[in-house]
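need coordinates for the below:
(chains A and B)
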Amino acid sequence: MRIFFALGMLLGLLLPALAVEPSEMLKDPALEARARAISKELRCLVCQNESIDESNAGLAHDLRVLLRQRLAAGDTDQQAIDFIVKRYGDFVLLKPPVEPATYLLWFGPAAVLVVGAIGAVIFVRRRNRALPEPAPLSPQEKQRLEALLREPN
Amino acid sequence: MRRVLFIIPIVLFLAVVAYFFVAMRGGYDPSVLPSAMIGKPVPSFDLPGPPAPPNYAGPPVKLGFSNRDMLGRVVVVNFFASWCIPCRVEHPVLMGLGPSANVPVVGIAYKDKPGDAVGFLNEYGNPYVAIGMDESGRTGIDFGVYGVPETYIVDKHGVIRLRHVGPLTAESVAQEILPAVRALLTQP
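Just a heads-up that it's a prediction; the model follows:
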C-alpha cells in the first residue's frame, strides 16, 4: 500500500507545476491555448528565470491576465507580445531576438566550437607530420631483424 | 606561426578575466533592468486618489491625478506601496527630494488599498504633492514597473527620461537624480 503512495508521489513530481489559476483562464479554448503558448515565451521579470506561465509572482499573474485581455480584444499573437515588449523591453522575451546586439549570444558558442575544432585539426596534423618516415632497412639489417624475431624468448 | 597559436588561448582567457572583473564590480546589479520606456511619452493614466487623511496638517496634496496634470513641468514619479519594505527605507530620502531638487514629487500607490496607502503616509510622512491609487497595477505595467519602489523622472514634454529601480539612497539621489533633474530643468 505504501508503495503505491510513494509511486504516486514520485509520478506527481513529473507533472509540470502550473501557476495559471482557473479564474485566469479564458473560456474560449483556442484563445486560452494561444495565451498559454505565448506565456511560456515571456519572462517573469521578478524571478527572471521562469516564464510567466510558471511563475507565482504577482507581476506574472498580472501579465497573464493582461495577455488574455489583449487576445480577447482581438490582438494577434505578435501584437500582444509587442504590447508587452514595448513596456518591458526585449529582456521579457525568453528567446532573445537575433540582432546585432545579440549576435555574440546566438553565434558565440558555435564560433568557439569551430575555432576549437580548427585548433584541434592543426594540432593533430602538425603532430603527425613531425614524425619522419624511417629509412628503409638495408639487406643486412633485414637479416638481423629476422634472426632476432626467430630467437626464442 | 607556432607562437601565435600558443598565445591565442592566453589572450582569450585574459579577455574572459577582464569581462568578469567588469561584471563583478561593486554596485552593479545585473538583475536591475534598463527601462524600455526611456525616451517614450509617459503612458496616459487618470488615477483616483486615496481618501483624505484625517487630521492632515501638511502642505496641500492633490488626491488623484492624471498624466495631463504633469505636462509642462519636470516631475519625479515614485511608485510605492504600504506593503513594500524598501519603500520605508527610502522614505526619509524621498521626503527631502522635492525641496532639494526643486521639483514636484508625485506618488503612485502600486497594488495597494487606499486605506493602507493613507496609513503608510500618515505614519512615515507625505513627500508627495499628488497621490494616485493604482490598485490593479495596470498603470504600473504601462510604465514598465516590475517591482516597488521605482522612481521615474519625466521631462516638461511628458517624456520619460530616467528610471531608478529600488530604494533611493542619498548617494543615488546625489549622483543620478539631482544631475538628471537639473539638466531637464534647463531644457527648453
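
got the residues of chain A near chain B?
When proximity is defined by Cβ under 8 Å from any Cβ of the partner chain, chain A lies next to chain B at A:45-46, A:48, A:58-59, A:62-63, A:66, A:85-91, A:119, A:122. In short, each C-beta sits where N, CA and C put it, glycine included.

among those residues, which lie within helices?
A:58-59, A:62-63, A:66, A:85-88, A:119, A:122 (DSSP state H).

residues near residue A:102, how many?
Residues lying near residue A:102 (other Cβ atoms under 10 Å in any protein chain shown) number 13.

the strands in chain B, which residues?
Using DSSP state E, the strands found in chain B span residues B:46-48, B:62-66, B:75-80, B:105-110, B:130-134, B:150-154, B:160-165.

same question, chain A
So, for chain A - with DSSP E - there are no strands.

need the residue closest to the centroid of it.
With distances taken as Cα atoms, centre = their mean, residue A:95 lies nearest the centre of chain A, 10.1 Å away.

what are the phi and psi values at that residue?
phi -110, psi 110 (degrees, to the nearest 10).

residues in contact with residue A:80?
If you count contacts by Cβ atoms under 8 Å, 6 or more residues apart in numbering or on different chains, residue A:80 has them with A:38, A:67, A:70-71.

next: residue B:101.
Counting by Cβ under 8 Å, 6+ apart, residue B:101 has contacts B:76, B:173, B:177-178, B:181-182.

one more time with 10 Å, if that's ok
For residue B:101, the contacting residues are B:74, B:76, B:153, B:173, B:177-178, B:180-182, B:185, by Cβ atoms under 10 Å, 6 or more residues apart in numbering or on different chains.

which one (most neighbours) among those residues?
In the contacts of residue B:101, the most neighbours by other Cβ under 10 Å go to residue B:76, 25 neighbours.

how about the contacts of residue A:80, which pair is most distant?
Pairwise distances across the contacts of residue A:80 peak at 9.5 Å for A:38 and A:70 (criterion: Cβ to Cβ).

if I look at these two, which residues touch both of them?
Common contacts of residue A:38 and residue A:70, defined by Cβ under 10 Å, 6+ apart, comprise A:77, A:80-81, A:84.

distance to residue B:54 added to these, as JSON lines?
Rendered in JSON lines, the data for the shared contacts of residue A:38 and residue A:70 read as follows (distance: Cβ to Cβ, whole Å):
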{"residue": "A:77", "distance to residue B:54": "50"}
{"residue": "A:80", "distance to residue B:54": "44"}
{"residue": "A:81", "distance to residue B:54": "46"}
{"residue": "A:84", "distance to residue B:54": "40"}
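
does residue A:57 really touch residue A:47, like I thought?
Yes - assessed by Cβ atoms under 10 Å, residue A:57 is found in contact with residue A:47 at 6.0 Å.

list phi and psi for the residue of chain A found nearest chain B.
Across chain A, no residue is closer to chain B than residue A:89, which sits at 3.3 Å (Cβ to the nearest Cβ). Phi and psi for residue A:89, reported as degrees, to the nearest 10, are phi 90, psi 170.

quick one: the helices in the chain?
Just going to use chain A. A:2-14, A:29-39, A:58-72, A:77-88, A:103-130, A:139-150.

my bad, the chain I had in mind was chain B
Going by DSSP H, chain B shows helices at B:2-23, B:85-101, B:114-124, B:138-143, B:170-172, B:178-186.
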